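Participant: Curious how this folds, go ahead:
(chains A and B)
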Amino acid sequence: NAGVMQNPRHLVRRRGQEARLRCSPMKGHSHVYWYRQLPEEGLKFMVYLQKENIIDESGMPKERFSAEFPKEGPSILRIQQVVRGDSAAYFCASSVSRQATNTEAFFGQGTRLTVV
Amino acid sequence: GENVEQHPSTLSVQEGDSAVIKCTYSDSASNYFPWYKQELGKGPQLIIDIRSNVGEKKDQRIAVTLNKTAKHFSLHITETQPEDSAVYFCAASIPGGGNKLTFGTGTQLKVEL
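Facilitator: Residues are numbered from 1 along each chain as shown, chains lettered A, B, ... in the order given. Just a heads-up that it's a prediction; the model follows:
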């Protein structure tokens, strides 16, 4: 049973380019969360998605960032026109769909984005 | 929104000693408190969690305690080993938010031989 799979593990982009980060949740998990970790800092929530729906995007920057979780395929975090300040580790987590109580979230290995 | 504070930011112990990391949270509605271990270059790994209906939970050398009144929870690692060296994060979430987690700022634990 594979864990949360993220790719690529490392991504280098020039300023102004687009970055596309992918996340496949654990088998049986239908909830996906994206977090950003800046160097020497904790993880900050960005967005929470279920299949084809954005549930909570309160942590997403208003511009340039978008996320989706289509019916088929992985969840995608897209950053347009990247700037140096976007350099960070981006982690995806997934959990099962149990609405009544909070459940364990399992994290992927992350994508380390470097903007040059 | 929820705010989680974590102390200390760094902790150095001798192998075999105990380590304690403390967190406080601000939203009294929070009811789920996981702890994650993150090794260099890797993703956070869930090591133990506790829900608000219990005060303590133990798993081998790891235990977590929760004081709802004080809005305080702690991670205890006994008989520390070099492989326990990592960054540890506490987190909290409120019901109805899926599993959206608010994280503490992390504790760098170093277990010295």
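
Participant: Tell me if I am right that A:Gly85 is in a strand.
Facilitator: No: counting by DSSP: H, G, I helix; E, B strand; the rest coil, A:Gly85 falls outside a strand, being helix.

Participant: can you tell me which residues contact it?
Facilitator: With contact set as Cβ atoms under 8 Å, 6 or more residues apart in numbering or on different chains, A:Gly85 has these partners: A:Val115. Bear in mind the C-beta positions are built from the backbone N, C-alpha and C, glycine included.

Participant: just A:Arg13 next, same as before
Facilitator: Counting by Cβ under 8 Å, 6+ apart, A:Arg13 touches A:Ala19, A:Val82, A:Leu113, A:Thr114, A:Val115, A:Val116.

Participant: Likewise for A:Pro70?
Facilitator: Contact partners of A:Pro70, counting by Cβ under 8 Å, 6+ apart, are A:Lys51, A:Glu52, A:Ile76.

Participant: for the residues you listed, which one is nearest chain B?
Facilitator: Set against chain B, the nearest of the contacts of A:Pro70 by Cβ to the nearest Cβ is A:Lys51 (13.1 Å).

Participant: And for that closest one, the neighbour number?
Facilitator: For A:Lys51, the neighbour count with other Cβ atoms under 10 Å in any protein chain shown is 14.

Participant: what's the answer for B:Leu40, then?
Facilitator: The burial count for B:Leu40: 7, using other Cβ under 10 Å.

Participant: how far away is it from A:Gln109?
Facilitator: 12 Å (Cβ to Cβ, to the nearest Å).

Participant: ok, back up a step: for the contacts of A:Arg13, which PyMOL command selects only the ones that are buried?
Facilitator: Entered in PyMOL, the line below selects the buried ones among these, by 16 or more other Cβ atoms under 10 Å in any protein chain shown:
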select buried, chain A and resi 19+82+113+115
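
Participant: Farthest-apart pair in the contacts of A:Arg13, please.
Facilitator: Using Cβ to Cβ, the two most remote members of these are A:Ala19 and A:Val116, lying 12.0 Å apart.

Participant: May I have the strands that pair with the strand or helix carrying B:Thr24, each with its orientation?
Facilitator: Using DSSP states H and E, B:Thr24 falls within strand B:19-25. With DSSP bridges as the test, strand B:19-25 is paired with strand B:4-7 (antiparallel), strand B:72-77 (antiparallel).

Participant: so where is the chain shaky, pLDDT-wise?
Facilitator: In the absence of a named chain, this looks at chain A. Within chain A, the segments meeting pLDDT under 70 span A:1, A:97-102.

Participant: That was the other one, I meant chain B.
Facilitator: In chain B, residues with pLDDT under 70: B:97.

Participant: all helices of it, in order?
Facilitator: Read by DSSP state H, chain B holds no helices at all.

Participant: near chain A, which residues of it?
Facilitator: B:6, B:31-32, B:34, B:36, B:42-46, B:49, B:51, B:89, B:93, B:95, B:97-106 (Cβ under 8 Å from any Cβ of the partner chain).
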